[in-house]
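[1] requesting a structural model of the entry that follows:
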Amino acid sequence: MSCGGAKLPTVENGATSNFPSRKAYVVIRSEGGPSNVQRVRNILSADFQENNVMTNFALYRAKQSWNQTEIYNSAYDGQYDYIILIDQIAKFTIDNQTQVGGKYQIRSYHVKSPNPNWLDLGQSTCNLSVEPSVQKFSREVIRSIVGNSAVFKNHDFEYDESLADTKESVQVNDAEASNDLIVQIEMLRKELDAEKKRTKVAQQERDRLENMLKLEIEAQKEKTRIAQIEAEEATLRKKQRQREIAETYAAKKAEIEQREAMEAEEAYKNPQPVVEEPKELTREERLSIREETKRRQAEEREAQRLAAKEALEERKEERRRLAELKRTEQKRLREELEAERKEKERLAEEDLQRIKDKVAEERRQAEALVQQQKEAERLAAAKIEEERRREEELQQEKKQQDKIEKERAEALAKEERNAKRLAREQETLRLEEERKNKIQEEKRQAELRLAELQSQEETEKAEAERLAEQKRIQEALDKQREEQIKLANEQRIAEQKEKEALAKKQLEEKRLEEERIEALRLADLQKKQEQARLDEERRQAELLAQQEKEELRKAEELEKQRLESLRLAEEKKKSDQLRLEQEQEAQRMAEEKELESQRKEALRIVEQEKKKEQDRLAEERRQAELLAQQKEEAEKLAEKRSKKSKKKSKAQEKKPQSASTSKKVNAFVIIRGKEENKKQFEDLEDHIEFDFMFAKAKASTVIFEPSRSVSLGDVLPIVSEEHNTVILIDQKDYVSEGKSTYQVKIMDSQSNEDWQEVLSQAFDLGSKADLKQLSKKITVHLSN
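    Coordinates of the predicted model:
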């Protein structure tokens, strides 16, 4: 686990009473039970106390939001030096039942630092239900915060070089490797489940889109068929309308011809008086002319009668042909609708039979899957029993192996002690022999030296053989231990893989069951939709039949109305002529009135445009006058300020140098920020006025909205003459939780200089420390 950031002051062993104690406020967020969390709290408290750190704890659930304001206030009020957050960020379980621990994030917050901030001290795993794991976790937390010189009196985890410590280290490493392996397997299982869920969601989305596409295709086909039927009906209606127009035109033409014939006959019966005849006709001539006229008129009437009769026969034949064509078209449409209905019923029956077959097949598959699942459960139970027996045998073998290793280690230690004792005895004898040989004669010195060299070589050879044998035995033991550890790890991995395969198979069976249920539901839904579609088609067919009957009835009524209109045509002739003349006159008057209104509207629009142009010119003149007035006022204000600055500069030159150095600051402070931070801005205003008072300066504060402009021209009109400095505190971007960037600018209101930026830093105005820090920095910049 990485350890970063500032550490708490540490003490050496045995010197805890001479160093001043520190206080830490510890916040724990965990999903563990009350007893497990209390165990962690007790062990952490004891370890902190051993390292001369007083603690107070606040406990929260892992998903419960912790009240930061309350924690900060408690830490400030209790004069704590640090806030330590131990936050659970992950949970490791097996099959969602056996909890194997969790991962915790450790962070610290130096309360009394001039620039406090949260420091990340790393991450660590811990199983709260196992006390050695909690002790190890406590040690890592203390070392992350205090440093490597931490004191642990209650539980010492340093390992000696003895055989017992070597055995314990092997067991601890084995347990840690097993825990890491379990955690990795759990993380891989979670990733596999997430990938399966994503695949299932993608498959469901694809099926849904395919179903929607099929429905859209069916709807498009239905719309096309309906559009074709409507187009055919519109064509028929258009042809019928054309026939009616032709019949009406022929009837009107016949009426006109009949009227002309009647007028001619009337003129013949009532001839107009002759104004003047050039000569007097005889009676025979007048009779012959009259007979000739009568004969010609009779021929014309006969020709008109024959033409009218022929036209009537043609109209009758046309009506008969159209009626026959309409009956043929209606019969064809009815046959097509009936054939389409039968085809849809046949397709619906085939789909229903196919769905039934599919449901039966899925039911058979589901029964087979249930049988397979039962068989798998039986095999799994047998396998679990076999694994339990194998674990018991492994435990017995492990105990026996530990006993053998212990005896072997004791034998090795005893052999090593005997070898050392023999070496010391041989060394003593050799020294004694050398001492005696020095006293003896020169003659025996060479022999004794040779014997001594031979003895030394034999001793070294024996020592080398003993060390080689001891090294070989130790290597064999190490190799055997490594093979045992490797075998145990492989066995655990194989068991875990078997469990994962079983869980995967169960999940696959569950997925197949869900897919079968979904298929049944979709089949039922499709069946209902098909039935609804058939009902709708049947209703549409009935509606079309009713519409056809209604059209036939309307055609008969139209025929009756046409005959009646022919009968009444002669009676309405004069009234129609009069109405036509009246309509023409009314239309002419309306057109004249419309032209007059259009002319007036055009004149009104021209007048309105002219008025708008005059208003625009007047507005431009007014704006120009206003700009000239503002420019004149600005020039007067600049001239006034320049005169005032000249007067002040002359006054400053007359004053002594000591008086110029003790110029008093009278600042106009502008705070611009969001409306929801107004309470914090008021607190900042109080801090600034308080700090300015101690700096022997004055301050007047105003709070602006974020949309309010703060340019040089906007600020100068609201600044009084007694203020010689303007300070702008502008809230900028949001940085993190509760923090925003604040930009501080200063301007001399008695000169023509623009803003000068002196500070741009992130602060949390909800924190008293940040408020004090910002106020002090502004005061220091102003003093400088």
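[2] helix or strand next in line after whichever helix or strand residue 434 is part of, which one?
    In this structure, residue 434 sits in helix 283-439 according to DSSP states H and E. As assigned by DSSP H and E, the chain's next helix or strand after helix 283-439 is helix 442-569.
[3] quick one: that next one to helix 283-439, angle?
    With axes from the mean of the first three to the mean of the last three CA atoms, to 10 degrees defining the directions, helix 442-569 sits at 170 degrees from helix 283-439.
[4] next one: residue 497 from residue 373, what distance?
    The gap separating residue 497 from residue 373 is 20 Å, by CB to CB, to the nearest Å. The way it works is simple: take the backbone N, C-alpha and C, and place the C-beta from them, glycine included.
[5] got a pLDDT number for the most centrally placed residue in the chain?
    With distances taken as CA atoms, centre = their mean, the residue of the chain nearest its centroid is residue 198 (16.1 Å). pLDDT, residue 198: 82.
[6] could you do residue 536 as well?
    82.
[7] ditto for residue 84
    Note on residue 84: pLDDT of 90.
[8] you'd agree it is up against residue 104?
    No - contact criterion CB atoms under 8 Å: residue 84 and residue 104 do not qualify, at 11.6 Å.
[9] what strand or helix carries residue 88?
    Element membership of residue 88, judged by DSSP H and E, is strand 82-94.
[10] do residue 221 as well
    According to DSSP H and E, residue 221 maps onto helix 163-269.
[11] by contact count, what packs against that helix?
    If contacts are counted by 3 or more CB pairs under 8 Å, 6 or more residues apart in numbering; DSSP states H and E, helix 163-269 sits against strand 82-94, strand 98-110, helix 283-439, helix 442-569.
[12] can you list the strands that the second one pairs with?
    The one in question is strand 98-110. Strand pairing for strand 98-110, determined by DSSP bridges: strand 82-94 (antiparallel), strand 118-126 (antiparallel).
[13] format those as TSV; extra columns: distance to residue 311 and mean neighbour count.
    Listed next are the strands paired with strand 98-110 as TSV, based on distance: least, CB to CB, whole Å; neighbours: other CB atoms under 10 Å:
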stretch	distance to residue 311	mean neighbour count
strand 82-94	99	19
strand 118-126	105	18
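[14] quickly, which of those strands bottoms out on average pLDDT?
    Mean pLDDT values for those show the minimum at strand 82-94, a mean of 80.
[15] so, low pLDDT: which residues of the stretch 101-250 of the chain?
    Applying pLDDT under 70 to the stretch 101-250 of the chain picks out residues 147-184.
[16] mind listing the strands for the stretch 551-700 of the chain?
    Applying DSSP state E, counting those that start in this stretch to the stretch 551-700 of the chain gives strands spanning 666-672, 698-704.
[17] mean pLDDT lowest where, among these?
    Minimum mean pLDDT among those: strand 698-704, a mean of 63.
[18] what is the least confident helix or strand in this protein?
    Using mean pLDDT, DSSP states H and E, helix 657-661 stands out as the lowest-scoring helix or strand of the chain, at a mean of 41.
[19] returning to what we had before: now render the helices and strands packed on helix 163-269 as JSON lines, adding distance to residue 598.
    Compiled in JSON lines, these are given as follows (distance: least, CB to CB, whole Å):
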{"stretch": "strand 82-94", "distance to residue 598": "80"}
{"stretch": "strand 98-110", "distance to residue 598": "82"}
{"stretch": "helix 283-439", "distance to residue 598": "46"}
{"stretch": "helix 442-569", "distance to residue 598": "39"}
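[20] for those, which one sits closest to residue 628?
    Of all the helices and strands packed on helix 163-269, strand 98-110 sits nearest to residue 628, with 61.6 Å by CB to CB.
[21] how far does stretch 47-64 sit from its chain's centre?
    Centre-to-centre, stretch 47-64 and its host chain are 36 Å apart (CA atoms, centre = their mean, to the nearest Å).
[22] then that stretch to CSV, C-alphas only?
    What follows is stretch 47-64, C-alpha atoms only, in CSV (Å, rounded to 0.1, in the frame of the first residue of the first chain):
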residue,chain,number,x,y,z
ASP,A,47,-2.5,1.1,18.1
PHE,A,48,-3.0,4.9,18.0
GLN,A,49,-2.6,5.1,21.8
GLU,A,50,0.7,3.1,21.6
ASN,A,51,1.9,5.7,19.1
ASN,A,52,0.9,8.6,21.4
VAL,A,53,-2.1,9.7,19.3
MET,A,54,-5.5,10.4,21.0
THR,A,55,-8.5,9.4,18.9
ASN,A,56,-12.2,9.8,18.6
PHE,A,57,-14.3,7.8,16.2
ALA,A,58,-17.4,8.4,14.0
LEU,A,59,-19.0,5.4,12.4
TYR,A,60,-21.1,5.4,9.1
ARG,A,61,-22.5,2.7,6.8
ALA,A,62,-20.6,2.4,3.5
LYS,A,63,-23.4,3.9,1.4
GLN,A,64,-24.5,6.4,4.0
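[23] give me the buried stretch members for it, please.
    For stretch 47-64, a neighbour-count test (16 or more other CB atoms under 10 Å) marks 47-53, 55, 57-60, 62 as buried.
[24] residue 344: how many residues sit nearby?
    15 (other CB atoms under 10 Å).
[25] next, residue 746: secondary structure please.
    Under the three-state scheme (DSSP: H, G, I helix; E, B strand; the rest coil), residue 746 adopts strand.
[26] run through the bridge partners of it.
    Beta-bridge partners recorded for residue 746 (DSSP bridges): residue 727, residue 756.
[27] and it, what pLDDT?
    82.
[28] how much space between it and residue 765?
    Applying CB to CB, the value for residue 746 to residue 765 is 20 Å.
[29] neighbour count: those two, which is higher?
    residue 765 (21 against 18).
[30] make sure residue 732 is indeed in a strand.
    Yes - counting by three-state DSSP, residue 732 falls inside a strand.
[31] in which helix or strand would I find the closest residue in space to it that isn't next to it in sequence?
    Sequence neighbours aside, residue 741 is the residue nearest to residue 732 in space, at 4.2 Å (criterion: CB to CB, 6 or more residues apart in numbering). Element membership for residue 741, per DSSP H and E: strand 739-748.
[32] again, but for residue 79
    Per DSSP H and E, residue 79 falls between elements, in no helix or strand.
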